[in-house]
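Engineer: Generate a structure from the sequence data that follows.
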Amino acid sequence: MPGDVLGSDIGTIYYIRSDTAFNIARARGLVEVFRMRVAGRRPYLKPFREVVGESSLAEACYLGVQSVVTEEIVGSLGRAREFSRNFLPVGSKTMQRERWRQSYTWLLCGDVRPPIQVCRAGGGYYVVNGHDRVSAARYLNVKTMLAHVSDIDITKVSGAGGESA
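Structural biologist: Residues are numbered from 1 along each chain as shown. Have a look, this model is predicted:
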């Protein structure tokens, strides 16, 4: 088993089931992307640069480790197009599949992992590190996650900003 995901027989069972769960999550994500495109709406996670727009960023303020509501995590600093707007995986890369499966298994086994890293800006949270953990958590209806949170104050320069969808 890759990456010491399993420590028990139940962990092995969850890991085996994670392949089917990933396939279901990815299929749902692809359907969601298609529906959003047909409706003329943003199909993927909100990219951080969309929120920043033509803003000048003030200093980031580290707020420490906090419990973050998973539904308030709306975007990404670098992997926005790998997930639907509801954080379902849409990529087919082997590495993403494996990270997602490990995250799914860890969550079901109650294995404590390092907190994800997010920045708070423009009324939402944007993932810096932990995309697959967030995706698996939302798939499993986990309501909150521990996260290293940095607050970024956005000052608009010319009234420009991102699309609100």
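Engineer: which residues of this structure fall in strands?
Structural biologist: 46-47, 55-69, 73-76, 116-121, 124-129, 144-156 (DSSP state E).
Engineer: quick one: which of those is nearest E82?
Structural biologist: Distance to E82, taken as Cβ to Cβ, is lowest for strand 73-76 among those, at 7.9 Å. Any C-beta I mention is one placed from the backbone N, CA and C, and that applies to glycine too.
Engineer: quick one: low-confidence ranges for the protein?
Structural biologist: Scanning the chain with the threshold set as pLDDT under 70 gives 1-8, 54-58, 155-165.
Engineer: change it to 80
Structural biologist: 1-8, 51-60, 92, 112, 153-165 (pLDDT under 80).
Engineer: Give the buried residues for the biggest helix by length in it.
Structural biologist: The single longest helix within the chain, with elements called by DSSP state H, is helix 9-38. Neighbour counts over helix 9-38 (16 or more other Cβ atoms under 10 Å) mark 11, 14-15, 18, 21-22, 25-26, 28-30, 32-33, 36 as buried.
Engineer: Packing partners of it?
Structural biologist: helix 94-109, helix 131-139 (3 or more Cβ pairs under 8 Å, 6 or more residues apart in numbering; DSSP states H and E).
Engineer: from those, which stretch is densest packed?
Structural biologist: helix 131-139 (a mean of 24; mean count of other Cβ atoms under 10 Å).
Engineer: Need the CA coordinates for that one. CSV is fine.
Structural biologist: Only the C-alpha atoms of helix 131-139 are listed here, as CSV (Å, rounded to 0.1, in the frame of the first residue of the first chain):
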residue,chain,number,x,y,z
HIS,A,131,-6.7,20.6,-1.8
ASP,A,132,-7.3,16.8,-1.9
ARG,A,133,-7.9,16.7,1.9
VAL,A,134,-10.6,19.4,1.4
SER,A,135,-12.1,17.6,-1.5
ALA,A,136,-12.3,14.3,0.3
ALA,A,137,-13.7,16.0,3.4
ARG,A,138,-16.4,17.8,1.5
TYR,A,139,-17.3,14.5,-0.3
